[in-house]
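>>> Sequence first, then the predicted structure, then my questions.
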Amino acid sequence: MPLDTLYSAETPEGIALSLRPAGVVSRCLAYLVDFAVRLAIFFAIAMTAGAMGGMGTAFLLISYFALEWFYPVVFELARSGATPGKRLMGLQVVMDSGLPVTPAASIIRNLLRAADFLPAMYAGAAVSMLVRPDCKRLGDLAAGTLVVYAESVQLHGEVPQATPVAPARKLSPNEQVAILAWAGRAKRLTPERLEELAALAEPVLAQRNGTATTRLMSVAQWLLGRREGPAP
């Protein structure tokens, strides 16, 4: 199983970003919301076109084409980078690098919705998103885009309480950073994954009783400069 569902990107300025790709369920819900919005707009246009006589049919067909192909492009190129459905679900479209989506990329990813639809009901898109860890559909692959959650990803949180214990040997700066990073992600990882990673640090654990997670958490507390037991 993968460690997590984060996608790492690096901007041209060398800034590392951690993005959380949106899965099939959230993107399907966003699509349904957008479909309802487009349908409401189309019905409003149809009522107006009905009073225009022969020109109304042409106006209705042009409006349908614009809603189908340019509705998502207009919203994705806005500041939010998301259609109303995506905004409701807390999603946005970005480039692979984490930068805002470009006009060319937005047009390409939406034109290729025709390929994603095949063989029926966006089955191609669903399969592509399910087999890829970054949840990209075919249009995203061609355009170099990514649909992610707009909220900031918190990589590290507060280190869980534990009795501070010194490591079995002196730790290098990189080892200290790795242990503190592991401890800070304790609430984001499953207990099984946390234990699996803690077991890799077995050579630096002085005590031998308890799980590797508990013992390494004690070392993490010691690295934070704490020398007494956890607060009651």
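Received it, and whenever you're ready, just let me know what you need. Numbers count the residues shown, from 1 in each chain.

>>> same for the longest helix seen in the chain, what does it pack against?
Counting residues, the longest helix found in the chain (DSSP state H) is helix 24-49. With contacts defined as 3 or more C-beta pairs under 8 Å, 6 or more residues apart in numbering; DSSP states H and E, helix 24-49 has these neighbours: helix 54-69, helix 71-76, helix 84-88, strand 91-95, helix 123-131. The way it works is simple: take the backbone N, C-alpha and C, and place the C-beta from them, glycine included.

>>> Highest mean neighbour count out of these?
strand 91-95 (a mean of 23; mean count of other C-beta atoms under 10 Å).

>>> list the buried ones in the helix or strand following that strand?
Downstream of strand 91-95, the first helix or strand assigned by DSSP states H and E is helix 103-111. If you call a residue buried by 16 or more other C-beta atoms under 10 Å, then helix 103-111 has these buried ones: 105-110.

>>> can you redo these as a markdown table with pLDDT?
Below are the buried residues of helix 103-111 laid out as a markdown table (pLDDT from 0 to 100):
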| residue | pLDDT |
| --- | --- |
| A105 | 96 |
| S106 | 96 |
| I107 | 95 |
| I108 | 96 |
| R109 | 96 |
| N110 | 94 |
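
>>> quick revisit: mind putting the helices and strands packed on helix 24-49 into TSV with mean pLDDT and distance to A22?
Below are the helices and strands packed on helix 24-49 laid out as TSV (pLDDT from 0 to 100; distance: least, C-beta to C-beta, whole Å):
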stretch	mean pLDDT	distance to A22
helix 54-69	89	22
helix 71-76	95	14
helix 84-88	96	8
strand 91-95	95	5
helix 123-131	92	9
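
>>> So which of the ones you listed is nearest V219?
Closest approach to V219 among those (C-beta to C-beta): strand 91-95, 37.4 Å.

>>> shaky segments in this protein?
Scanning the chain for pLDDT under 70 picks out 1-4, 13-16, 152-156, 228-232.

>>> and A186, what is it in contact with?
Contact analysis of A186 by C-beta atoms under 8 Å, 6 or more residues apart in numbering lists 157, 159-160, 194, 217.
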